[in-house]
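# sequence plus the predicted model coming up.
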Amino acid sequence: MKEKRNVMRYSAVLIALLMLSTMVAGATLSSEKVDTNINNGDVLKIGAPGNHLELQERIGDVVPRVGAAQLDILEGGLIHVMMGDSRYNQRLFFTGNDIVSARTVFGENRDDEVGDYLKFDGNEYFFDYQLTFRPMLRGHVDNDNHISQFEGEYLNILGKEYMILIATHSPHESWMKMRLLDSEIRDVLHEGETKTYTVGGADYEITPVFIGEMGDQECAKFSVNGEISDTICELGTDFMQQGMPLSVRAILINEHDAIVEFHFGGTVLDIKDMYTDDEYYEGVEINVDHMNNARLKFTAQRDGDVFALHKINYKVKADNVAGGTDIYVKEGDVLSDYMEDPQTLLGGTWDFNYDGLTNRRISDIRIDGHGDDEYNLEFTNENGQEYDIGYVSTDDQFMYGNGQDF
């Protein structure tokens, strides 16, 4: 009787382990306002047939990298400059470069709630975004250290179109700086001309009240719903009420008229790095707020007055809005709702969704007694093949199997 009790105990353990192995997690990378879980260019479900995201498994173990073939927001593009065209592509990496991607866990969250979660480890970088130019994007460095051939060009970054407002190079310290705008409004107005624009459901009446020369610069002042801006010279930016950025791209003045090209709303992204080393630098600001958990790296070179940009890498640490470190994303939730600085995901165009646990297709398992001292294991696999194999035998001594090949 003791041997039979042991057989049943071992069988219960086996069945429990098999049941746990059928649980898989559902996590998706998605662009904004998408609620489906299929890979259609807007949503990438983490995992594939035969390689599901399982409990305790990290995203990077299943999907090491993602490109435009998986997510439309990673579509590349072509930049035309005087020194030649350059094509760029975008990728997200979930392994390498100190990346510790999210994993699915079962346990307690910060509120002592027991359940399954998509866990982002605090103080760990959970993705590395890379934008690569091939051939390298080349431009002349002007006497004022501007790379003016880059300025005014547009890049798709994670589904948002950014204009390079400023690109500068510091020759003595090898610093590269860029200011990029993903403006809601881009327009040209004459001095004294008024237009009304709608941004985020609110109306803004904008008038250039002054366009003229100030010293050796050409500058403008604006009225925005009655609020007067600071003097903004070419390539400058001011922040109006509610933090709305207002930037001047170019000014044209003649004896009869003056016009200004300006950008309003959206995000101002400032990035900076010393490109001569291979280190990531804490050089990221969004709307002039420093992002403590974001790091950036330029891969570039300079030959004489020609600057060549090869790559931009950007990575982010998880930061919990509730304080502390780790982030536990519940089923049905998205990562950005838990982040202190969700804008570090850039553009608000993508997010991590956690869809919870699901069961794989399973089949019944039977422990069938054969006589007094043998037990067979009977089951059907996913291909419909039936198996009836010796599981344990208690004849003379306890043993797994029945000593026969199968």
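In hand now; what should we look at?
# chain center to stretch 319-327: distance?
A distance of 18 Å separates the centroid of the chain from that of stretch 319-327, by C-alpha atoms, centre = their mean, to the nearest Å.
# need the residues that contact that stretch.
For stretch 319-327, the external contacting residues (C-beta atoms under 8 Å, 6 or more residues apart in numbering) are 110, 119-123, 292-293, 318, 335, 338-341, 344. Heads up, the C-betas are built off the backbone N, CA and C, glycines and all.
# what's the closest of those residues to residue 46?
Distance from residue 46 was checked for each of the contacts of stretch 319-327 by C-beta to C-beta. The minimum falls on residue 335, at 12.8 Å.
# do you know the pLDDT at the closest residue in space to that closest one that isn't next to it in sequence?
By the measure of C-beta to C-beta, 6 or more residues apart in numbering, the closest residue to residue 335 outside its immediate chain neighbours is residue 352, 4.1 Å from it. Note on residue 352: pLDDT of 93.
# gap between stretch 224-235 and the chain center?
Its chain's C-alpha centre lies 33 Å from the corresponding centre of stretch 224-235 when counted by C-alpha atoms, centre = their mean.
# between the two ends of that stretch, how far is it?
For stretch 224-235, the first and last residues are 19 Å from each other (C-alpha to C-alpha, to the nearest Å).
# go on, stretch 368-377?
Using C-alpha to C-alpha, the distance between the terminal residues of stretch 368-377 is 6 Å.
# give the buried residues for it.
With burial defined by 16 or more other C-beta atoms under 10 Å, the residues of stretch 368-377 counted as buried are 375-377.
# need those residues in a markdown table (columns: pLDDT and distance to residue 186).
A markdown table is the format used below for the buried residues of stretch 368-377 (pLDDT from 0 to 100; distance: C-beta to C-beta, whole Å):
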| residue | pLDDT | distance to residue 186 |
| --- | --- | --- |
| 375 | 80 | 75 |
| 376 | 82 | 74 |
| 377 | 79 | 69 |
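# nearest to residue 310, of the residues you listed?
The closest of the buried residues of stretch 368-377 to residue 310 turns out to be residue 377 (C-beta to C-beta; 57.6 Å).
# now do the closest residue to the closest one other than its chain neighbours against residue 131, distance only.
Taking C-beta to C-beta, 6+ apart, and ignoring the residues beside it in sequence, residue 377 has residue 391 as its nearest neighbour in space, at 4.0 Å. Distance, residue 391 to residue 131, using C-beta to C-beta, to the nearest Å: 56 Å.
# next: residue 346.
Between residue 346 and residue 131 the distance is 11 Å, computed by C-beta to C-beta.
# now for the two: what residues contact both?
Taking C-beta under 8 Å, 6+ apart as the contact criterion, the common neighbours of residue 346 and residue 131 are residue 157.
# contacts only, for residue 59.
Contacts of residue 59 were listed using C-beta under 8 Å, 6+ apart, and they are 27, 46, 53, 94, 101-103.
# circling back: what's the burial count for the residue nearest to residue 377?
Close neighbours of residue 391, defined as other C-beta atoms under 10 Å, add up to 22.
# my guess is it contacts residue 375. True?
Yes. In this structure, residue 391 sits in contact with residue 375. The criterion is C-beta atoms under 8 Å, and the distance is 4.9 Å.
# shaky segments in the stretch 251-400 of the chain?
With pLDDT under 70 as the threshold, the stretch 251-400 of the chain has low-confidence stretches at 324, 359-363, 382, 395.
# the closest residue to residue 198 other than its chain neighbours and residue 197, how far apart?
Nearest non-adjacent residue to residue 198, counting by C-beta to C-beta, 6+ apart: residue 204, 7.6 Å away. Relative to residue 197, residue 204 is positioned 5 Å away (C-beta to C-beta).
# which neighbours do the two share?
When contacts are counted by C-beta under 8 Å, 6+ apart, residue 204 and residue 197 are jointly contacted by residue 264.
# ok, those two, which is more surrounded?
Counting neighbours by other C-beta under 10 Å for residue 204 and for residue 197 shows that residue 204 has the greater number, 21 against 15.
# residue 195 is in contact with the more buried one, correct?
No. Using C-beta under 8 Å as the test, residue 204 is too far from residue 195 to be in contact (9.1 Å).
# fine by me, thanks again.
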